[in-house]
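In: With the sequence up front, the predicted model follows.
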Protein chains: 4
Amino acid sequence: MRSKQLPHREETEEKALPSLPEDEIKITYIGGGAREWPPKLFRDLALCSDIEGEVALFDLDYESAQLNAEFGNWVQEQDGAVGDWTYTAVEDRAEALEGTDFVILSTQFNPAETFVHDLDIPREYGIYGAVGATIGPSGMMRMMRTVPVYREFGNAIQEHCPDAWVLNYTNPLTVATRALHEAFPDIKAIGLCHEVFHAQDMLADLVAKYYDVERPDRDEIDINVKGINHYTWVDEARWRGIDLLTIVDHHIGQGDGLREYTVEEMADEDPFVDNNQVTFELYRRFGILPAAGDRHLVEYGTWFIQGDMPEDLNRWGVKRTTSDYRAKHWNPSESEQTTDVTAWMEGETKFELAPSGEIAVDLMRTLTVGDSMKTHVNLPNTGQITGLPEGAVVETNALITPGSIKPINAGPLPRQVRNQIQTHVNNHETMIEAAFAGDIDLAFRAFLNDPQVKTLQTETAREMFAELVATEEEYLQDWNLEKSEVLAESEAFDN
Amino acid sequence: MRSKQLPHREETEEKALPSLPEDEIKITYIGGGAREWPPKLFRDLALCSDIEGEVALFDLDYESAQLNAEFGNWVQEQDGAVGDWTYTAVEDRAEALEGTDFVILSTQFNPAETFVHDLDIPREYGIYGAVGATIGPSGMMRMMRTVPVYREFGNAIQEHCPDAWVLNYTNPLTVATRALHEAFPDIKAIGLCHEVFHAQDMLADLVAKYYDVERPDRDEIDINVKGINHYTWVDEARWRGIDLLTIVDHHIGQGDGLREYTVEEMADEDPFVDNNQVTFELYRRFGILPAAGDRHLVEYGTWFIQGDMPEDLNRWGVKRTTSDYRAKHWNPSESEQTTDVTAWMEGETKFELAPSGEIAVDLMRTLTVGDSMKTHVNLPNTGQITGLPEGAVVETNALITPGSIKPINAGPLPRQVRNQIQTHVNNHETMIEAAFAGDIDLAFRAFLNDPQVKTLQTETAREMFAELVATEEEYLQDWNLEKSEVLAESEAFDN
Amino acid sequence: MRSKQLPHREETEEKALPSLPEDEIKITYIGGGAREWPPKLFRDLALCSDIEGEVALFDLDYESAQLNAEFGNWVQEQDGAVGDWTYTAVEDRAEALEGTDFVILSTQFNPAETFVHDLDIPREYGIYGAVGATIGPSGMMRMMRTVPVYREFGNAIQEHCPDAWVLNYTNPLTVATRALHEAFPDIKAIGLCHEVFHAQDMLADLVAKYYDVERPDRDEIDINVKGINHYTWVDEARWRGIDLLTIVDHHIGQGDGLREYTVEEMADEDPFVDNNQVTFELYRRFGILPAAGDRHLVEYGTWFIQGDMPEDLNRWGVKRTTSDYRAKHWNPSESEQTTDVTAWMEGETKFELAPSGEIAVDLMRTLTVGDSMKTHVNLPNTGQITGLPEGAVVETNALITPGSIKPINAGPLPRQVRNQIQTHVNNHETMIEAAFAGDIDLAFRAFLNDPQVKTLQTETAREMFAELVATEEEYLQDWNLEKSEVLAESEAFDN
Amino acid sequence: MRSKQLPHREETEEKALPSLPEDEIKITYIGGGAREWPPKLFRDLALCSDIEGEVALFDLDYESAQLNAEFGNWVQEQDGAVGDWTYTAVEDRAEALEGTDFVILSTQFNPAETFVHDLDIPREYGIYGAVGATIGPSGMMRMMRTVPVYREFGNAIQEHCPDAWVLNYTNPLTVATRALHEAFPDIKAIGLCHEVFHAQDMLADLVAKYYDVERPDRDEIDINVKGINHYTWVDEARWRGIDLLTIVDHHIGQGDGLREYTVEEMADEDPFVDNNQVTFELYRRFGILPAAGDRHLVEYGTWFIQGDMPEDLNRWGVKRTTSDYRAKHWNPSESEQTTDVTAWMEGETKFELAPSGEIAVDLMRTLTVGDSMKTHVNLPNTGQITGLPEGAVVETNALITPGSIKPINAGPLPRQVRNQIQTHVNNHETMIEAAFAGDIDLAFRAFLNDPQVKTLQTETAREMFAELVATEEEYLQDWNLEKSEVLAESEAFDN
């Protein structure tokens, strides 16, 4: 490693004393016009009295942000609201970011014009992704659309609020977070995701099942987390100091844990259903417990999705999230993932001011005035996982205290798991490099190296790539499509 | 790095469920006949009600351990004692260790026969160590005496209590801890030391001085710790999120912080006096704050002890701990560092059951039934400090939860500081290798590389080394002295 | 990396002067009863007059070694023989090795009992290896048979001839060489293979095709070699300083270079036929030129062998080496790969004393009395390829001078190629670890991680593995088959 | 290490064939007005018939370059000259560099205004450097003057001749070479130095002394070279395969090798005298043979120059090169290091056309049309020395072939030697960073970390630094002297 000199502190005689911290903060929400996450945040803020301040909502759909601002202020007035927050929709992104303390990033392209094609086109080539958000040809396309945007966010944060903490929730989480750090190396940005909580919940359930105790809260399940987002692993798990992996062994050994599912059984299930069969299978295969939902895991363990479909996938209790489902996602009337804030405000639906289970507010509170908390975060590797490259965004626990987020050393991964993760890290790093250079042919190198794409001959993969690029060309304006030799050679892309 | 395969879990169908944890534990104290630390531990245990059990005291001086056991049981009966502990002196080390949950290591050779020579002989060669416990020719000799003993401890722990947590307090802390890990790589051993608390206390004082608030507790001072024991550094320090290094800049800039001391002023001072002048000087020199007492720091910043003595040392408000002082250390009637437990038990001295300020009991409590705590510990490097070799014992923060101690990522050191620490790491690793092989000539290579010794011509250093070895030969029985070419060439060692 | 202390030289006053080198050497050939390689070596030795000595032939088939010894001595008497060599068959391996200067390792298990099953059983599971010697389920089985034997060789060399140079020709070359180094870390062993010469020959052909010059000798083609055996790459190639990769670009661009082959065309081709189509395809895909025969390359670029067979393979001008072909290999009357030395000695076949094109004799000559030579060798990584683990056996150029073989720095690999190689390195290291521990379940972890096996569900892969192990059990006596949980769970292995 | 993606080759269909190489080349000599090196080069070129072309001489002293051009053309006409070269003095640097094939860099500041102060000022502070060109306060000053200039050279080469090979002879060799690579990362620049030849000559002498053979040529002494320039080491040395380090052991053991020198004995010696006493002492101390002149070695082994002077230095058969001597260096009438080309041309001095012993012409010949050669060169570390940072300029052997220079893997250094070298690497890297940023206070951090300076208290070192900077201010125009807090605090620098 080419060692870096740390900046030396400037010593000036009249160094002013810093003032004592204030509890009043500014939060900027990029993508603040959405209906899924913002209402959860507003509830948690309303229930938090340690910090207070303003929340600036920015969205390309300004009207939607305005409605959310109205809703946020309405929530403040409901029974049980103890926080003191003012919500504003801000039309100019620079203004929204200026001098803010926290930036929340949660954005999405119109799925009907992007994600739907990400899923449908690869199917024609025999590639059957279950989620398609972070891996596979669809994950690769999403990276290609997202990295240029997050580079721009990184630059804007450097200009308007370089000291702000940045909480990124957007997928593909790893490369979006990585792009922020590439654009602005001193950025204080982390990526946050729920998936690991599933492992904690599953383990808490097992404790309740096998011991005569009340089900512990997921926070009481102490796990050592290591990997990359959506392919994270747990090699130590304890509750009150007892080894929970032994309980998993027992559970699987009992046979309670393992079973097969049929296509019929799965037909009416929600696409988010999780039966832990892939989790247990991977645990047996690698000797380390995966900590993500089964629908994500099958995409990384590519052998699950290379056989006869949907039988071979359903057998593990997993369903594919269809493109139909995705297309509806932006339509509140059709999707369960959004909320109807007007209905709440107008009293059509009963509003309950309950905690959301999300940790964003806890994090902001701890970073400002709190004591300390431990949770899993996505951060550039600075040694927390040995054997993975420095700078790659990885997921491990971190300790959060006021003004500080420090990753906790998670140690190495078993070789076979590390090896798979190295593949994705290689692809992420190549995608970042390609996107920052606008080099579509370098992006194709990463595309070819994706484990799902790697089953195809080069020329087939090229046609699929060209078809995807041609279909979503509008969203790839930051790339030098004309200079591409790969596209020039393809039939699918009209040059 | 030659990558290691993690052991794979054995999957057996009848995997038994682990039983729920019990609060009853066994603690084994090696060096349990001493009078300085054990009484502190006994007090803290008496004040702790979360865990309970037995304490086995082992000491080469069995009678002294018996007296301590008697005292320990007496403390349990005093007012305010809430713990439930039984103390026993155990004559056989294996028996003391058998099946224990915690091993405390705190041992010392008779200073009159060892440490006194460590200090006096180098003085004849112009080397003027201030402490002499971990660096310099005296530190090197101490390593040579200590490593073989700690290898033996490591082996015994592997045999009798492989799952025990091992808390080592013995100097030279780094190599003693390193020897335990070299002897038994799966040992759960950490090294513990007070010095970093000084930095936290100093910063807490500055907060009280410059702000209109009550002096914070040292635990409220959140610092990022990195280095090796006695040469540890802090590059981030916060209280309620505000940057305390800016306050240090202000303090030094005010001029309040800096002054010079005379030989006269220092004459009657306690050798442990600390005026923070070396701390501030090193902070200015390297742009990062050292976190150890000034008397340790001058030994690592060798330029402090190479001029006219004692003027050049006293000027920084530091005194040398003399060999006279050290010789007294084992004599309770002469040393303030020991206690008179008989006087307490017989009522000659008033006994007060107050917390000691030590963290051993907190650690044991947290590892057993506690929530979590953060403190600085010495552990083999697994990525917590980038730029230092894997496996070298380094000092950083760690997060402790029941059943787990995980180092927190501290990041890299500035080049000039890292460079000095690399020198010591090199010496430690060489000393470990030499001691495990009994190779005195390899030990001499490390000896020559010590920054204090490095000022001497090779032949002068050889004579000093040979004189030290000859004088302390009795304590170096694990080394192949006869096969040494270095000693054979010297005049000081009679072959 | 945990840094290693170099051994320090012992300084003794009466250090004797080394004597001047002699030209008389001893060569030991393990596997010296074979009919393919030994006759080539004998010819080259007969044509070499710089060194002389004895050649000890060891083979489990002692009679075959005796026949070869007779033949070797006979070659010495032919016209044109200038060397001075005495051949002896030695029945005891220890005696053959004792005090030797060079060990040649070239051994093989009876293919009819091993290799044939390696190829046929995976076919039942849809896996279609082209060679099957170093990768895929068959390569994995070969590793499992070979590593224990090469560990034993390493131990024997340490005991009987620790200073000897060891030239290993046995496949799987990488792990066999790696096993020697694991068994005896100071062994002076390299792995040698022809494949890279193909790239040099192809480039020499292109020079002759496009320039008005005589075809250069392959040695004049200066290439930078990096990778692992059978998956080696060239990122610089020059002849008289001109860039040959530009000529490859031109050749491919001309269209001369690229074409498709039909099943009919390939039907009567020799299995060793090589049309460079895979070479050129990979060059286009990765931007770096592979330097191994196409039949090896398709096994590493797994997408070549996952489609319809044999069409999809033949299309690239490549054929599969069938198990029938392999079975014949030990039978001189049926195989073209062996020779009939009796026919030569009895004059039935005309014997010609011509150089073989092999480099073993050149190497031995250079290591003894020569000037210097550069060639590609397989050696543990000590920095020659950055980005691959230290200690993994890799293939790069090396400079050979009397008494020394030093790898030449080849630099890093492009990410996508490095990533594939990391997979194999991981598998090799895991196999070494598994074989040294006799741990069949750990071997199965590596087996599952093979890119060809990775397309199968875990349970299918387990059955294939168990079937292979059961069939070749006789050759796996060094493994703890009874303790295996994987085999216990399978139906194919009768426990 | 943050892995780098290799650039991918652009594939274009009409890729033109490269033309066959020509023997006609252009050489540009920066510093071509000097009188020491250029005449040697001219002789070697006149004796070389494989390559031919033009030589452009550039010097700030244009007239001196004109005289050298005249001399160069004159040499071509002398008896025995077989080369075909045309020499021209070029006034514009850009023109001199434009399209050249080889750049030779050999420049010097006026020693009377620079080097003399480098030596004299530190003496006032008790620092007694023997050479002062690459280490110590004088070496540090030279780095500070040189790096900005070599950054500019790097930029100019990138602009005018990016494909040229660059041979740098200027001290401080390591940082000058490093600055070129920092300015233009794709530069094909190496640093070249004689010192290692001394070790080969010494070993050749020992062969002749102890064996009944003719003294071998230094090229026949095969050594493994590793370290940094002027502090390079040899851990393997062979002649015809026999181990020469054993002969060194024998030589030292005989007592022939070791003796002490007096001040009187040394009084009249040339400052370049070398008695190998330091070489042998360091060999005994570290177990590895240093390969640089003793006068350089004492500067790196600081204990040699910290005692009573000159006794303690002379005792090792070494003299200090005085500032008087240095001041004369630019004056041909006073210095033996320069030549009088006019005297040659006018026949006043007899001119002999003999090889110089320098390797520059061999290198250029090999890189153009040659076969191959091995020699030691200074290059950024890409794995040739494990345990030193990537990118640091290190000295090892390299293999040179037409169009290629590849370092040969030298392996690790013993810990104690590596540790010293890490110190210098840290200082070099810090100096590069400081110079490229113009940050004088960061340069002072490196200055303080120099082993010679490290003996001083910070404030003393600061005064010495400020005095040096003030005296040589004219040569430090690329640094932000006004912004320096270090200089602002000093008394020696008038702000």
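Out: Yep, it's here. Quantities reported herein were computed from a predicted structural model and do not represent experimental measurements. Numbers count the residues shown, from 1 in each chain, chains lettered A, B, ... in the order given.
In: And the contacts of stretch A:452-463?
Out: Contact with stretch A:452-463 is made by A:122, A:125, A:127, A:129, A:135-137, A:140, A:299, A:302, A:305-306, A:444, A:447-448, A:464, A:486, A:489-492, C:281, C:284-285, C:302-304, C:306-307, C:312, C:455, as judged by C-beta atoms under 8 Å, 6 or more residues apart in numbering or on different chains. Any C-beta I mention is one placed from the backbone N, CA and C, and that applies to glycine too.
In: what distance separates that stretch from the centre of its chain?
Out: 27 Å (C-alpha atoms, centre = their mean, to the nearest Å).
In: What residues of that stretch count as buried?
Out: Buried residues in stretch A:452-463, counted by 16 or more other C-beta atoms under 10 Å in any protein chain shown: A:Gln452, A:Val453, A:Lys454, A:Thr455, A:Leu456, A:Gln457, A:Thr458, A:Ala461, A:Arg462, A:Glu463.
In: Look up how far chain D lies from the fourth one.
Out: Translated: A:Thr455. The spacing between A:Thr455 and chain D, counted by C-beta to the nearest C-beta, to the nearest Å, is 22 Å.
In: Look up phi and psi at that residue.
Out: phi -80, psi -10 (degrees, to the nearest 10).
In: Residue numbers of chain A in contact with chain C?
Out: Within reach of chain C by C-beta under 8 Å from any C-beta of the partner chain, chain A has these residues: A:281, A:284-287, A:302-304, A:306-307, A:312, A:414-416, A:418-419, A:422-423, A:426, A:429-430, A:445-446, A:448-449, A:454-458.
In: Put the buried members of these into a ChimeraX selection.
Out: Remark: buried members of the residues of chain A next to chain C, expressed as a ChimeraX selection using 16+ other C-beta under 10 Å:
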select /A:281,284,285,286,287,302,303,304,306,312,414,415,416,418,419,422,423,426,429,430,445,446,448,449,454,455,456,457,458
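In: what ranges do the strands span in the stretch 51-200 of chain A?
Out: Remark: strands assigned in the stretch 51-200 of chain A by DSSP state E, counting those that start in this stretch are A:52-58, A:85-89, A:102-105, A:165-168, A:188-191.
In: quick one: which of these is nearest chain D?
Out: Among these, the nearest to chain D by C-beta to the nearest C-beta is strand A:188-191 (17.3 Å).
In: which other residues reach the closest one?
Out: A:154, A:157, A:163-169, A:173-174, A:176-177, A:180-181, A:229, A:377-379, A:393, A:395, A:398, A:405.
In: Any quick PyMOL command for the buried ones out of those?
Out: In PyMOL syntax, the buried subset of those is picked out as below (16+ other C-beta under 10 Å):
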select buried, chain A and resi 154+157+164+165+166+167+168+169+173+174+176+177+180+181+229+377+378+379+393+395+398+405
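In: Run a quick neighbour tally on whichever residue of the stretch 201-350 of chain A sits closest to chain B.
Out: The stretch 201-350 of chain A approaches chain B most closely through A:Gly241 (3.5 Å), counting by C-beta to the nearest C-beta. Other residues near A:Gly241 number 18, with proximity taken as other C-beta atoms under 10 Å in any protein chain shown.
In: hang on, the earlier thing: could the strands of the stretch 51-200 of chain A be laid out in CSV, adding mean pLDDT?
Out: As requested, the strands of the stretch 51-200 of chain A are exported to CSV (pLDDT from 0 to 100):
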stretch, mean pLDDT
strand A:52-58, 97
strand A:85-89, 98
strand A:102-105, 98
strand A:165-168, 98
strand A:188-191, 98
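In: Looking at those, which is nearest to B:Gly99?
Out: Among the strands of the stretch 51-200 of chain A, the nearest to B:Gly99 by C-beta to C-beta is strand A:188-191 (43.1 Å).
In: How far does that closest one sit from its chain's centre?
Out: 11 Å.
In: Checking A:Thr396 next. Helix, strand or coil?
Out: Under DSSP: H, G, I helix; E, B strand; the rest coil, A:Thr396 falls in the strand class.
In: Would you enumerate the residues in contact with it?
Out: A:Thr396 neighbours (C-beta under 8 Å, 6+ apart): A:Val225, A:Lys226, A:His376, A:Val377, A:Leu379, A:Gln384, A:Ile385, A:Pro407, A:Ile408, A:Asn409, A:Ala410.
In: Could you confirm whether the helix or strand harbouring the fifth one reaches chain D?
Out: Counting by DSSP states H and E, the element that carries A:Leu379 is strand A:373-380. No: when contact is scored as C-beta under 8 Å from any C-beta, no part of strand A:373-380 falls within range of chain D; the minimum is 9.3 Å.
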